[in-house]
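1. following is a predicted model, sequence given first.
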Amino acid sequence: MVVDKNLEAFIPYTRSDIIKICLQDGQLNEADAKKFQDFCQILTAYYHFRFHKTLEIIKDNYVPFNPNEDIQPITPLTFEQYDEMELNIVDAFQHIVERANYLLLPESIVKRSLTTKSLIDLKTQVDFEDFDRFICYYRGNSYKKISVKKFFFWREEKTIDILERIVLFVKFKEAAYFRAKKINIQDLKFIPGKMYVYCYKNIPKLDIDLLFPNVKTSMTWKDRLLFGIPAIGAAIPLILRTLPNLLLLVAAILLVLNVSFLIELFNVELEKVRNFMPVLVATLSLTISLGGFAFKQYTNYKNKKIKFQKIVTDTLFFQNLANNISVFQMFVELAEEEECKEIILAYYHLLTSPIPLSPQQLDSRIEAWMENKLGTKINFDIQGPLSNLEDIRGQVIPNSETTDNVPEVPLLTYNQQGACQVLPLDDAKAVIDYVWDNAFQYNGIIL
């Protein structure tokens, strides 16, 4: 597998491993190493709390849109509440997916997959008018060489574009839309008005259409020819064998219609036509022969269709990572992990740098450090962690002072030259401890 040259911001290591590599870097003495670990621990706890709040928002708002939900609201929702809850879900979804360093997949690429095949050779149809909205994100773009069977023993080597992770968000229109199209709601494979969210791994970019719940599959023209030509070849000798019975049956029909003068054109004896028994035998023979052939061809078609459906099902089943509410839960954890890794790396490198660093210098330093230490090239997202460090503000209180009139200070500031400056470890621990202590604020009188 060849990795795409377009590097991404995703850091393919756990937060614990990143902290461990920082400690093994040798830039911190034993005392500072312990303080750095404490700082990372409480930072992680704080961001876990923040993203837990996001998950609670999602869970509360997703109830009326969850196709698997068995919880009913106490009071019916108004249209305004329904629309507001939908927007809350969409905003929260995009927030956690982007924080997890996933990239938006252009709608044009999704729709192009309907007309271009890469791995699964099926004709597909997706009616995008069925959706109120659909959003697709991905992470990891690579190329893989595979061997594809073409005819008999001939195989062709192809290079396909793989999306290593892909998440699809779909909101279907309400039931009235499908009724207006004269569609039986019971025949649909999805529930109108619901949101479907899927996460898959290693999906060919040009087979994304197969992920949609309303996808319709059929045989390609090549498969139809491979299916139809043998059927026509088998039908010709059958028709030749049944031709006398067929002519006799047509002649009997002409006799009933009182156009017996046309019977001579079929070279059929009039006596046989007038005799009920030969006509009956011919009818039964023709029905059994043609009926048996039609049933055999229909069975072959159904088997072919089942084979295609099995290919799709197997592909998606083994590539599926999560569905619906479990996707949100998974991405909350991914977003929390990515945010913490980025902040830890940014703070560590500003803390240990012998000279002040501009944002661009810090970005380059982290990317070079990742490549030297772990052999991994990434496109580090510097603005995200810098904004987070700047937003984390708290009081640094000397032991001899009270909290009165002590201003809050951020973890990150900029000097007059635009270089980044972070608080030393003791002050940074005090700030993050202050933030954590004030994460829960309750107003009221304790009796």
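-> That came through fine. Numbers count the residues shown, from 1 in each chain.
2. and the strands in the protein?
-> When secondary structure is read from DSSP state E, the chain shows strands at 2-3, 103-104, 123-125, 131-151, 154-172, 195-204, 216-218, 320-323, 393-395, 408-410, 412-414, 420-422.
3. helices along the stretch 251-400 of the chain, start to end?
-> 270-274, 276-319, 325-352, 359-374, 383-391 (DSSP state H, counting those that start in this stretch).
4. sorry, back to before: just put the strands of the chain in JSON lines and tack on distance to Thr75.
-> Where C-beta positions appear, they are placed from N, C-alpha and C, glycine not excepted. What follows is the strands of the chain, written out as JSON lines (distance: least, CB to CB, whole Å):
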{"stretch": "strand 2-3", "distance to Thr75": "52"}
{"stretch": "strand 103-104", "distance to Thr75": "36"}
{"stretch": "strand 123-125", "distance to Thr75": "40"}
{"stretch": "strand 131-151", "distance to Thr75": "24"}
{"stretch": "strand 154-172", "distance to Thr75": "23"}
{"stretch": "strand 195-204", "distance to Thr75": "21"}
{"stretch": "strand 216-218", "distance to Thr75": "38"}
{"stretch": "strand 320-323", "distance to Thr75": "28"}
{"stretch": "strand 393-395", "distance to Thr75": "40"}
{"stretch": "strand 408-410", "distance to Thr75": "41"}
{"stretch": "strand 412-414", "distance to Thr75": "46"}
{"stretch": "strand 420-422", "distance to Thr75": "50"}
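5. nearest to Glu30, of those strands?
-> Relative to Glu30, the nearest member of these by CB to CB is strand 420-422, separated by 20.6 Å.
6. which parts of that closest one are buried?
-> 420, 422 (16 or more other CB atoms under 10 Å).
7. which residues touch that strand?
-> 347, 350-351, 356-359, 362, 386, 389, 411-415, 428 (CB atoms under 8 Å, 6 or more residues apart in numbering).
8. highest neighbour count among those residues?
-> Tyr347 (27 neighbours; other CB atoms under 10 Å).
9. ok, that one touching Leu389?
-> Yes. Here Tyr347 reaches Leu389: they are 6.4 Å apart, a contact under CB atoms under 8 Å.
10. give the residues shared as contacts by these two.
-> Residues touching both Tyr347 and Leu389 (CB under 8 Å, 6+ apart) are 411, 422.
11. mind listing what Gln81 touches?
-> By CB under 8 Å, 6+ apart, Gln81 lies in contact with nothing.
12. skip the chain neighbours and tell me the closest residue to the spatially most central residue of the chain.
-> Nearest to the centroid of the C-alpha atoms of the chain, with distances taken as CA atoms, centre = their mean, sits Val167, at 2.5 Å. The spatially closest residue to Val167, leaving aside those adjacent along the chain, is Cys199, at 4.6 Å (CB to CB, 6 or more residues apart in numbering).
13. what are the bridge partners for that neighbour, then?
-> Following DSSP bridges, Cys199 is listed with bridge partners Val167, Ala322.
14. picking up where we left off before, and the strands of the chain: which comes nearest Asn61?
-> Smallest distance to Asn61 across those (CB to CB): 10.1 Å, for strand 195-204.
15. separation between the closest residue to Ala419 other than its chain neighbours and Gln417?
-> Excluding the flanking residues, the one nearest Ala419 by CB to CB, 6+ apart is Pro356, at 3.5 Å. From Pro356 over to Gln417 the distance is 7 Å, taken as CB to CB, to the nearest Å.
16. please enumerate the helices of the stretch 1-150 of the chain.
-> Taking DSSP H, counting those that start in this stretch, the helices of the stretch 1-150 of the chain run over residues 15-24, 30-62, 79-99, 107-112.
17. can you list the buried residues in the last one?
-> What that stands for is helix 107-112. Going by 16+ other CB under 10 Å, helix 107-112 has these buried residues: Val110.
18. same question, the second one
-> Within helix 30-62, the residues scored as buried using 16+ other CB under 10 Å are 32-33, 35-36, 39-40, 42-44, 46-47, 51, 54-55, 57-58, 61-62.
19. and that helix, what does it pack against?
-> The contact analysis (3 or more CB pairs under 8 Å, 6 or more residues apart in numbering; DSSP states H and E) places helix 30-62 against helix 15-24, helix 79-99, helix 325-352, helix 425-437.
20. most tightly packed of those?
-> helix 325-352 (a mean of 21; mean count of other CB atoms under 10 Å).
21. tell me the angle that one makes with strand 154-172.
-> 100 degrees (axes from the mean of the first three to the mean of the last three CA atoms, to 10 degrees).
22. make a markdown table out of the helices and strands packed on helix 30-62 and add mean pLDDT and distance to Leu211.
-> Formatted as a markdown table, these follow (pLDDT from 0 to 100; distance: least, CB to CB, whole Å):
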| stretch | mean pLDDT | distance to Leu211 |
| --- | --- | --- |
| helix 15-24 | 95 | 30 |
| helix 79-99 | 94 | 16 |
| helix 325-352 | 96 | 13 |
| helix 425-437 | 90 | 40 |
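23. what's the closest of the ones you listed to Ile71?
-> Comparing those by their distance to Ile71 (CB to CB), the top pick is helix 325-352, with 11.2 Å.
24. by contact count, what packs against that closest one?
-> helix 15-24, helix 30-62, helix 79-99, strand 195-204, strand 320-323, helix 359-374, helix 383-391, strand 420-422.
25. for these, could you give me TSV that also reports distance to Glu339?
-> Shown next, in TSV, are the helices and strands packed on helix 325-352 (distance: least, CB to CB, whole Å):
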stretch	distance to Glu339
helix 15-24	10
helix 30-62	6
helix 79-99	6
strand 195-204	19
strand 320-323	20
helix 359-374	15
helix 383-391	7
strand 420-422	17
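26. out of these, which gets nearest to Val435?
-> Checking the helices and strands packed on helix 325-352 against Val435 by CB to CB gives helix 30-62 as the closest, at 6.0 Å.
27. so how far is the closest one off the chain centroid?
-> Chain-centre distance of helix 30-62: 27 Å, with CA atoms, centre = their mean, to the nearest Å.
28. now the angle between strand 195-204 and it, please.
-> Going by the same axes, to 10 degrees, helix 30-62 makes 120 degrees with strand 195-204.
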